[in-house]
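> Mind looking at a prediction? Sequence and model below.
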Amino acid sequence: MSEAQVDYSVRSVLSDPSQAPSRPLRAWQRRALTRYLSGKPQDFLAVATPGAGKTTFGLRIASELLADRTVDSVTVVAPTEHLKHQWALAAGGAGIALDSNFRNGDGVTSSDYQGVVLTYAQVAAHPTLHRVRTERRKTLVILDEVHHAGDAKSWGDAVREAFTPAVRRLALTGTPFRSDDSPIPFINYEPDADGSLRSRADHSYGYSDALKDGVVRPVVFLAYSGETRWRTSAGDEYSARLGEPLTAEQTARAWRTALDPSGEWIPSVLQAADTRLTQLRKGGIPDAGGLVIASDHVTAKAYAKTLHHITGVEPVVVLSDDPKASGRIAEFSESEDRWMVAVRMVSEGVDVPRLAVGVYATSASTPLFFAQAIGRFVRARRPGETASVFLPSVPVLLELASQLEAERDHVLGKPHREKDGWDDELLAEANRSRDEPGEEEKAFTSLGADAELDQVIYDGSSFGTAAFGTSEDEQDYLGLPGLLEPDQVRALLRQRQEEQLTEVAKRESADKAAKAAKADEEAQQRKPQSVQERIHGLRKELNTLVSLHHHRTRKPHGMIHNELRRVCGGPPTAMASVEQLEERIATLRSW
């Protein structure tokens, strides 16, 4: 085909959607389609943020290639059984009949189908079978969430073996690539200055671009901290505050303590999330739904009981070993139920557009898992919809929330892989999602944790100061209007923060004046505080001052606490004495 013919074909396809049965394309999809049809590449990688419409783009490519007889058959490879059926349903809407019930034992499918949908595990189980199928007909292979081909060397080898004979291969992904050194088949890599190899996408469409275009929702993260307490198998009791600089072991145990369904942290956060869900439903999103992402079956069922107690309605529970899980997700998507609790089932590609509130109640902290989870809440349906995600105030999660717009390629052979928060080995224990506790987990018992709103993260910036659960400050943030444009979200958060900081400054000034005027009288009349009350008040005052200093200097909370410990000496805040806390408060005021 000549260049003129290509140009005419591209123009006619883009200007006349009636030529193809698929829905009208978004701007990024039109640009990517133009590039694809103009270049006619055998391999093409499209990276687009979750919710941007990768499936629609892939099916449009398939429609064009089937229409001009470039290919006679389509094979889609997806990560899960659920996504197989979702792809087949979407393909049917685009006029392409795909068999999502195909099994390796079948060998062939009905001639009424134009192709099949497989899982990566299915391909790995019998790559030769799929190679023969690919060789028999001119085939387009769509590799959905292609990073899964790098999950294991055997999977990558199987994908390469099965689909090397394909006429065309279209790779799609919407989440950060894994950080191992397993090359992903049919992905182009280019050398970096340091000698490593970096993947090259043929078309990229990031979250920030999609947000500007109104394709995805803005996400507001509400990070909750709090004092956590646990006991070791030796009988020693410890306490630590989420969000403060801690050792890897302390962070993992404080995190798991907060997520313990028998403690106070989870009920407080679930109550706050349900309040936010109610606000969204009253404020313009009447069918808004909520999702709690749990680590295992036991905690998922316990969280469901807590939600039932809070709302009076049993939430939908989706477990990874439930054969009806896909059906439950589909029913929830079409219903107006308030809450769903899921374990490792609501991942990439699972489409529940009405999800608007999330609770990240899992210890998984890899960039890939986090991106998959947040991707469930960003799908836009109408202008002004926002999403709210509640999460523990843990440094690695705060970093991921702040870098939601970051784009990350797959890098091979990078020497001395950097510990930049993306490749988090220190929290390996906290990352595990197990239904049975390991020996390490059995060796400690959570004693409880309280919850308070630590900060609100939006567009990479932090807003607000510490606010205890059910306080007016917390309610101000939970009561944000449901329908807001991205710039309105930012402006309103800034306004709320300024009001909160002004109120804090007024209270501090009033307290200081009152103490100076009535110091002697109060010393005589004031009822002596217990050590516990005194320490609790000083910790609250210190954390408020740290928040104020953070907003003035943009330094992370943890860095400020570390500087105070360096200057004043002493242990972490959770173990500091009254005298040490007072010294840190005085030092911070002097700054």
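Received, thanks.

> okay, now the domains of the chain?
Residue ranges for each domain of the chain read 3-211, 217-234+241-405+420-482, 527-590, as given by automatic domain parsing.

> could I get those domains as a markdown table with mean pLDDT and distance to residue 494?
Bear in mind the C-beta positions are built from the backbone N, C-alpha and C, glycine included. As requested, those are exported to a markdown table (pLDDT from 0 to 100; distance: least, C-beta to C-beta, whole Å):
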| stretch | mean pLDDT | distance to residue 494 |
| --- | --- | --- |
| domain 3-211 | 85 | 18 |
| domain 217-234+241-405+420-482 | 81 | 7 |
| domain 527-590 | 83 | 10 |
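
> Of all those, which one is nearest residue 489?
Closest of the domains of the chain to residue 489 is domain 217-234+241-405+420-482, at 5.2 Å (criterion: C-beta to C-beta).

> related to what we said a few turns ago, out of the domains of the chain, which comes closest to residue 490?
Ranking the domains of the chain by their distance to residue 490 (criterion: C-beta to C-beta) puts domain 217-234+241-405+420-482 first, at 6.0 Å.

> returning to what we had before: okay, the domains of the chain in TSV with distance to residue 502 and mean neighbour count next?
Listed next are the domains of the chain as TSV, based on distance: least, C-beta to C-beta, whole Å; neighbours: other C-beta atoms under 10 Å:
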stretch	distance to residue 502	mean neighbour count
domain 3-211	30	19
domain 217-234+241-405+420-482	11	20
domain 527-590	11	16
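
> Let me know which of those domains is the nearest to residue 488.
domain 217-234+241-405+420-482 (8.2 Å).

> now the strands for the stretch 301-450 of the chain?
For the stretch 301-450 of the chain, the strands defined by DSSP state E, counting those that start in this stretch occupy 316-318, 339-343, 355-361, 387-392, 411-412, 444-449.

> mean confidence score for the shortest one?
Yep, that's strand 411-412 we're talking about. The pLDDT scores in strand 411-412 average 52.

> The closest residue to residue 373 other than its chain neighbours pairs with what?
If you skip the residues right next to it in sequence, residue 373 has residue 293 as its closest partner in space, 5.5 Å away by C-beta to C-beta, 6 or more residues apart in numbering. Here residue 293 shows beta-bridge partners residue 342, residue 360, assigned using DSSP bridges.

> gap between residue 293 and residue 457?
17 Å (C-beta to C-beta, to the nearest Å).

> Repeat that for residue 359.
To residue 457, residue 359 is 15 Å away according to C-beta to C-beta.

> One more: residue 269?
Counting by C-beta to C-beta, the gap from residue 269 to residue 457 is 15 Å.

> So for residue 503, what pLDDT did the model give?
69.

> Can you give me the distance of the closest residue to residue 182 other than its chain neighbours to residue 31?
Closest residue in space to residue 182, ignoring its immediate chain neighbours: residue 150 at 4.5 Å, by C-beta to C-beta, 6+ apart. Note on residue 150: its distance to residue 31, by C-beta to C-beta, is 27 Å.

> same check, this time on residue 362
Using C-beta to C-beta, one obtains 36 Å as the distance from residue 362 to residue 31.

> what does residue 215 give?
From residue 215 over to residue 31 (counting by C-beta to C-beta), the distance is 13 Å.

> one step back: now do the contacts for the residue nearest to residue 373.
Taking C-beta atoms under 8 Å, 6 or more residues apart in numbering, we find residue 293 in contact with 342, 343, 346, 358, 359, 360, 361, 362, 373.

> could I get the residues you listed as a markdown table with distance to residue 96?
A markdown table is the format used below for those (distance: C-beta to C-beta, whole Å):
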| residue | distance to residue 96 |
| --- | --- |
| 342 | 29 |
| 343 | 32 |
| 346 | 26 |
| 358 | 32 |
| 359 | 37 |
| 360 | 36 |
| 361 | 38 |
| 362 | 36 |
| 373 | 30 |
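
> Which pair of these spans the longest distance?
Farthest-apart pair in those is 343 and 358; separation 14.3 Å (C-beta to C-beta).

> Thought residue 73 was touching residue 62, still the case?
No: taking contact to mean C-beta atoms under 8 Å, the distance of 9.9 Å between residue 62 and residue 73 leaves them out of contact.

> which residues are in contact with both of the two?
With C-beta under 8 Å, 6+ apart applied, the overlap between the contact sets of residue 62 and residue 73 consists of residue 140.

> Residue 203 bridge partners, please.
The residues paired with residue 203 through beta bridges, assigned by DSSP bridges, are residue 46.

> Was I right to think it contacts residue 39?
No: taking contacts as C-beta under 8 Å, residue 203 lies outside contact range of residue 39: 10.5 Å.

> quick one: which helix or strand includes residue 228?
Assigned by DSSP states H and E, residue 228 belongs to strand 219-232.

> Tell me how far that strand lies from the chain's centre.
What separates the centre of strand 219-232 from the centre of its chain is 17 Å, taken as C-alpha atoms, centre = their mean, to the nearest Å.

> now stretch 34-45
If you compare the mean C-alpha spot of stretch 34-45 with that of the full chain, they lie 30 Å apart, counting by C-alpha atoms, centre = their mean.

> let's number from 615 now, not from 1
In the new count, where the first residue is 615, that last one comes out as stretch 648-659.

> what's the span of it, first residue to last?
Stretch 648-659 has an end-to-end distance of 14 Å (criterion: C-alpha to C-alpha, to the nearest Å).

> Right, I'll leave it there.
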